[in-house]
Structure formats: C-alpha cells, structure tokens
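Trainee: attaching a predicted model along with its sequence, questions to come.
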Amino acid sequence: MELVRVKDVKPVSGFVVHVWFSNGTDRHIDLEKYLHGGVFEEIRSSPEVFRSIRVTEGRTIGWGENVDIDPDTLYYELTPAWAEESELELAK
C-alpha cells in the first residue's frame, strides 16, 4: 500500500469534506461513518466544531490536538474501527 497523506481539506456540506491527497488525487468524502464514539460527540453535535476541520501535523484531518482520522482510512475508504467491532460482536 502506498503511504498517502492529506495535503488539504475543506468542508462541503453536512459531514462531507473535500480532501486533497499527497499523490495528487482528491475527492469528496462523507465522514459520518467515522464520527462515532465519545471523542467525536462534540464534532457530530456542532456544525461549527465540525467545520473547524484542518490538516494536522501528521498530515491527516483532525480537530484540535487529540482528534483525527487516519489518512489511510480516508484514502482507502477502510471500515471504521467501531464498525469492525460491531461486526465482531454480531458474529459471536
């Protein structure tokens, strides 16, 4: 897998953002499926907080200093961790 990082991000509407990647690709990504769990509660509940999204020092997208989404998850549209955990619970 190629290591692709985020160059820029702009909110579009709702939880959709436009992301530019380091390999020259760009696309709209709906972040709704990634914004689950306590750390994302304020981001989901406040459009103003959501729109404060930025590129972090780690070259991914994030809010503040402690909340981000892995760039590989975004680029490769991987299943969010919370959804994988839910699938494992259902399989038991």
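Mentor: Structure's in. What do you need? As the structure is a computational prediction, the values presented were derived from the model and not from experiment.
Trainee: ok, for residue 78, nearest residue in space, not its chain neighbours?
Mentor: Among residues not flanking residue 78 along the chain, residue 72 sits closest, at 6.7 Å (C-beta to C-beta, 6 or more residues apart in numbering). Just so you know, the C-beta spots here come from the backbone N, C-alpha and C atoms, and that holds for glycine as well.
Trainee: right, and that neighbour touches residue 4 too?
Mentor: Yes: using C-beta atoms under 8 Å, residue 72 makes contact with residue 4 at a distance of 7.3 Å.
Trainee: list the residues that contact residue 52.
Mentor: Applying C-beta atoms under 8 Å, 6 or more residues apart in numbering to residue 52 gives the contacts residue 63.
Trainee: would you map the strands across the chain?
Mentor: 6-13, 16-21, 26-30, 54-55, 61-63, 67-69 (DSSP state E).
Trainee: most packed of those strands?
Mentor: strand 61-63 (a mean of 20; mean count of other C-beta atoms under 10 Å).
Trainee: what is it packed up against?
Mentor: strand 54-55, strand 67-69 (3 or more C-beta pairs under 8 Å, 6 or more residues apart in numbering; DSSP states H and E).
Trainee: let me have those in CSV, adding distance to residue 17 and mean pLDDT as columns.
Mentor: Below are the helices and strands packed on strand 61-63 laid out as CSV (distance: least, C-beta to C-beta, whole Å; pLDDT from 0 to 100):
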stretch, distance to residue 17, mean pLDDT
strand 54-55, 11, 98
strand 67-69, 10, 95
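Trainee: now for these, which one comes closest to residue 83?
Mentor: Residue 83 sits nearest to strand 67-69 of all those, at 13.3 Å, using C-beta to C-beta.
Trainee: export the helices and strands packed on strand 61-63 to a markdown table and tack on distance to residue 77?
Mentor: Listed next are the helices and strands packed on strand 61-63 as a markdown table, based on distance: least, C-beta to C-beta, whole Å:
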| stretch | distance to residue 77 |
| --- | --- |
| strand 54-55 | 19 |
| strand 67-69 | 12 |
